[in-house]
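A.B. asks: heads up, no residue letters with this:
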Ligand SMILES: C[S@@+](CC[C@H](N)C(=O)[O-])C[C@H]1O[C@@H](n2cnc3c(N)ncnc32)[C@H](O)[C@@H]1O
């Protein structure tokens with residue numbers, strides 16, 4: 001998969017654009033600023049946005065090309081981001097360190113989902129927040145009709161509401177909904193898709 005993403009990111013264009021995800025923008029503005037982690041951060045659009053509005057942004061991704069593009073985007077915007085290259089299994093941060101974690105299109109195989117979210121959520125402080133937007137299992141119908149909307153073609157990588165309740169069972173659910181949205185994110189997320197949006201507060 002690392003090769004797949006390096007190849008995808010190897011063009012000059014920012015494949016999901018330079019604008020942050022709109023749900024992230026809407027929700028992040030409601031929270032008190034602090035340190036935020038962006039797992040699977042790609043080309044940096046979301047961490048750069050967070051830094052621009054006063055958060056201290058951290059991110060990681062398995063793709064070193066993504067990191068390079070993210071750092072260029074940060075420079076272009078005169079902000080800093082702390083970006084590591086590695087996969088979820090290799091990455092380490094201190095426990096109870098972040099005030100928020102934003103999972104924006106972080107899709108994992110089902111055999112890893114539970115452990116990966118458990119590991120990453122351990123880096124979040126108690127009373128810290130998760131902001132989450134990923135494609136739902138129903139999205140397969142959408143991307144088979146319109147490939148431009150993007151997203152995994154594999155049901156296993158997609159999410160259901162029940163999965164979110166299971167992986168985030170130590171969270172208070174502030175918002176949890178499966179919804180049809182229009183995506184206009186670069187050339188790779190374009191059109192109507194079905195996503196799960198979730199905001200939660202870590203209780204223990
Ligand atoms: C659809 S892109 C989303 C990028 C970014 N979050 C955004 O919204 O612009 C998915 C990203 O997840 C990364 N990724 C997938 N699985 C990963 C893993 N196990 N560890 C680290 N990165 C991963 C890929 O390299 C890719 O950059």
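C.D. replies: Arrived safely. In this text, all values refer to a predicted model and were calculated from it rather than measured experimentally.
A.B. asks: nearest residue to the closest residue to the ligand within the chain other than its sequence neighbours?
C.D. replies: As assessed by C-beta to the nearest ligand atom, the ligand sits closest to residue 42 within the chain, at 2.7 Å. Where C-beta positions appear, they are placed from N, C-alpha and C, glycine not excepted. Nearest in space to residue 42, with sequence neighbours left out and distances taken as C-beta to C-beta, 6 or more residues apart in numbering, is residue 66 at 5.0 Å.
A.B. asks: Which positions within the host helix or strand of residue 25 qualify as buried?
C.D. replies: Taking DSSP states H and E as the definition, one finds residue 25 inside helix 22-28. Neighbour counts over helix 22-28 (16 or more other C-beta atoms under 10 Å) mark 23-24, 27-28 as buried.
A.B. asks: Tell me the first helix or strand C-terminal of it.
C.D. replies: strand 35-39.
A.B. asks: pLDDT (mean, whole number) over that following strand?
C.D. replies: Along strand 35-39, the predicted local confidence has a mean pLDDT of 99.
A.B. asks: which residues touch that strand?
C.D. replies: Applying C-beta atoms under 8 Å, 6 or more residues apart in numbering, the contact partners of strand 35-39 are 28, 46-47, 50, 55-60, 88, 91, 93, 97-104, 106, 120, 123-124.
A.B. asks: Which of those fall within helices?
C.D. replies: Secondary structure of the contacts of strand 35-39 is defined by DSSP state H; positions in helices are 28, 46-47, 50, 120.
A.B. asks: Spell out which parts of this structure neighbour the ligand.
C.D. replies: In this structure, the chain approaches the ligand at residues 5, 16, 21, 40-42, 45-46, 61-63, 66, 87-88, 104-106, 108, judged by C-beta under 6 Å from any ligand atom.
A.B. asks: at 5 Å instead, please
C.D. replies: Applying C-beta under 5 Å from any ligand atom, we find that the chain lies next to the ligand at 5, 16, 40, 42, 61-63, 87-88, 104-105.
A.B. asks: Report the central residue of the protein.
C.D. replies: The residue at the geometric middle of the chain, judged as the C-alpha nearest the mean C-alpha position with C-alpha atoms, centre = their mean, is residue 104 (2.1 Å).
A.B. asks: wait, isn't it in contact with residue 16?
C.D. replies: No: with contact defined as C-beta atoms under 8 Å, residue 104 does not reach residue 16; the gap is 9.2 Å.
A.B. asks: what's the closest non-adjacent residue to the residue nearest to the centre of the chain?
C.D. replies: Computed as C-beta to C-beta, 6+ apart, the closest residue to residue 104 that is not its neighbour in sequence is residue 21, at 4.9 Å.
A.B. asks: What count of nearby residues applies to that neighbour?
C.D. replies: Residue neighbour count, defined by other C-beta atoms under 10 Å, stands at 22 for residue 21.
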